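Peer 1: sequence below, structure please.
(chains A and B)
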Amino acid sequence: GAVVSQHPSWVICKSGTSVKIECRSLDFQATTMFWYRQFPKQSLMLMATSNEGSKATYEQGVEKDKFLINHASLTLSTLTVTSAHPEDSSFYICSARDGLATYNEQFFGPGTRLTVL
Amino acid sequence: LAKTTQPISMDSYEGQEVNITCSHNNIATNDYITWYQQFPSQGPRFIIQGYKTKVTNEVASLFIPADRKSSTLSLPRVSLSDTAVYYCPLKGSGNTPLVFGKGTRLSVIA
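Peer 2: From the prediction side, this is the model:
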């Protein structure tokens, strides 16, 4: 199946700093990518839909000025957590749908563990 | 997209068949039923997808009744490595994202 990668796999930062997470579709082009957040023992929560060449669409309750999303190309989307605080510590997962895949299924990256001290 | 409801957890012994149910009473006509597996600190992995009746692949079977208000994921002869959380998000048309419910935590015991 299609491969989605994320970088870094984990990051530790100080409170108040910004952190950028990259999401790449390695063997397919994705006009749309999705960003999720997952807290321990909880389900994945959709944060935003990232559209190539246009603004992201954020879910209710997700601060667009805090979680900056840029979808610069058909294979790269970035999520920047600005002025991170300890409550932003979470597991961030990106995803993309491969329109040419057998089931048009949504493929997920391996996730990025963010810890804010 | 319609929400889905699953049992919170299930236990099974190795070698047994495990059936995990998912309720989706408000499923839309265009929705497909998908199942994903997630291990700790990893992204979800696609298992199977169906629209109606039965679908089978090399790892699982998916049973969907005629009214499509529920579905059952069947894992034959589970092993310890099948211990994971299983989700059944509905997939809408176009590029609508998957919305995940709480999932079912399956524990396989030796």
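
Peer 1: all contacts plus neighbour counts: C-alpha atoms, from now on.
Peer 2: Noted.

Peer 1: just say helix, strand or coil for the closest residue to chain B within chain A.
Peer 2: Residue of chain A nearest chain B, by Cα to the nearest Cα: A:Pro110 (4.6 Å). What DSSP: H, G, I helix; E, B strand; the rest coil gives for A:Pro110 is coil.

Peer 1: dump the residue contacts of the one residue in chain B that gets nearest to chain A.
Peer 2: Relative to chain A, the nearest point of chain B is B:Gly43 (4.6 Å; Cα to the nearest Cα). By Cα atoms under 8 Å, 6 or more residues apart in numbering or on different chains, B:Gly43 lies in contact with A:Ile93, A:Phe108, A:Gly109, A:Pro110, A:Gly111.

Peer 1: can you pull the contacts of the residue nearest the centre of chain B?
Peer 2: Nearest to the geometric centre of chain B sits B:Trp35, at 3.6 Å (Cα atoms, centre = their mean). Counting by Cα under 8 Å, 6+ apart, B:Trp35 touches B:Phe46, B:Ile47, B:Ile48, B:Gln49, B:Leu73, B:Tyr86, B:Tyr87, B:Cys88, B:Pro89.

Peer 1: quick one: residues contacting the nearest residue to it once chain neighbours are set aside.
Peer 2: Distances taken as Cα to Cα, 6 or more residues apart in numbering or on different chains place B:Cys88 nearest to B:Trp35, at 4.4 Å, with adjacent residues excluded. Listed by Cα under 8 Å, 6+ apart, the contact set of B:Cys88 reads B:Thr4, B:Cys22, B:Ile33, B:Thr34, B:Trp35, B:Tyr36, B:Phe100, B:Gly101, B:Gly103.

Peer 1: list just the nearest of those to A:Ile12.
Peer 2: Nearest to A:Ile12 among the contacts of B:Cys88 is B:Phe100, at 26.9 Å by Cα to Cα.

Peer 1: the closest one belongs to a strand?
Peer 2: No. Using three-state DSSP, the assignment for B:Phe100 is coil, not a strand.

Peer 1: dihedrals phi and psi, it?
Peer 2: phi -90, psi 140 (degrees, to the nearest 10).

Peer 1: on that earlier part again, what's the helix or strand for the residue nearest to the centre of chain B?
Peer 2: Per DSSP states H and E, B:Trp35 falls inside strand B:32-38.

Peer 1: just after that strand, pick out the following helix or strand.
Peer 2: strand B:45-50.

Peer 1: what pairs with that following strand, and is each one parallel or antiparallel?
Peer 2: Strand B:45-50 has the following sheet partners, assigned by DSSP bridges: strand B:32-38 (antiparallel).

Peer 1: for A:Asn51, which residues make a bridge with it?
Peer 2: Going by DSSP bridges, A:Asn51 forms beta bridges with A:Thr32.

Peer 1: quick check, pLDDT for it.
Peer 2: A:Asn51 carries a pLDDT score of 86 in this model.

Peer 1: what of B:Lys3?
Peer 2: Per-residue confidence at B:Lys3 stands at 86 (pLDDT).
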